[in-house]
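A.B. asks: with the sequence up front, the predicted model follows.
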Amino acid sequence: MKLEKWYKEKLREFRDDVDFLTETAIIDFTEKIVNKMQKMGMSRADLAGKLGVSKPFITKVLNGNPNLTIRSMVAIARALDCDLNLEMCPKGFEIRTFAVAKKIDTGKFTESFNPVVGEGEYASAA
């Protein structure tokens, strides 16, 4: 139990640290890449081929390369048949997203269509 308490204290201590938050974002992105590759049955060599890069580059990315550009992130997402979606929200809140399995005909919506409940409002991460 002492280790768990220590861990929770360290998380509280570093919750606003930019380096810690950066590492968290890198881990999140690389986990999403790996999960999508597994679902697609795609190897590192396959992804490298789609991107026109070397397999060692993909290994570097999946090991948490902190120097990825947004351009590289978009290219990786597109190679995995995905879109990259970057979000920001107020501190203390959490963004939850979902994907719709069916493509939506956006021509059916008017300019007033807003899929967000209460524009500018956020749900609490309680």
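C.D. replies: Sure thing, it's come through. Here the structure is a predicted model, which is why all the values come from computation and not from measurement. Residues are numbered from 1 along each chain as shown.
A.B. asks: what's in contact with the helix or strand of the chain with the lowest mean pLDDT?
C.D. replies: When each helix and strand of the chain is scored by mean pLDDT, DSSP states H and E, helix 2-14 comes last, with a mean of 81. Helix 2-14 is touched from outside by residue 20, with contacts defined as CB atoms under 8 Å, 6 or more residues apart in numbering. C-beta: built from backbone N, CA, C; applies to glycine.
A.B. asks: could you redo the last one with a cut-off of 10 Å?
C.D. replies: The set of residues that contact helix 2-14 without belonging to it, under CB atoms under 10 Å, 6 or more residues apart in numbering, is 20-21, 23-24.
A.B. asks: show me just the buried residues among those.
C.D. replies: Buried members of those, scored by 16 or more other CB atoms under 10 Å: none.
A.B. asks: and residue 57, how far is that from residue 9?
C.D. replies: 37 Å (CB to CB, to the nearest Å).
A.B. asks: name the SS class of the residue most central in space within the chain, please.
C.D. replies: When the chain is reduced to its mean C-alpha position, the closest residue under CA atoms, centre = their mean turns out to be residue 29, at 4.2 Å. The assignment at residue 29 comes out as helix when based on DSSP: H, G, I helix; E, B strand; the rest coil.
A.B. asks: likewise residue 87?
C.D. replies: Classification of residue 87 into helix, strand or coil gives coil, according to three-state DSSP.
A.B. asks: count of residues packed around the closest residue to it other than its chain neighbours?
C.D. replies: Distance criterion CB to CB, 6 or more residues apart in numbering; nearest residue to residue 87, sequence neighbours excluded, is residue 95 at 4.8 Å. Other residues near residue 95 come to 11 when the count uses other CB atoms under 10 Å.
A.B. asks: and for residue 36?
C.D. replies: 17.
A.B. asks: okay, it: pLDDT?
C.D. replies: In the prediction, the pLDDT value recorded for residue 36 is 96.
A.B. asks: contacts only, for it.
C.D. replies: Residues counted as contacts of residue 36 (CB under 10 Å, 6+ apart) are 42, 47, 76-77, 79-82.
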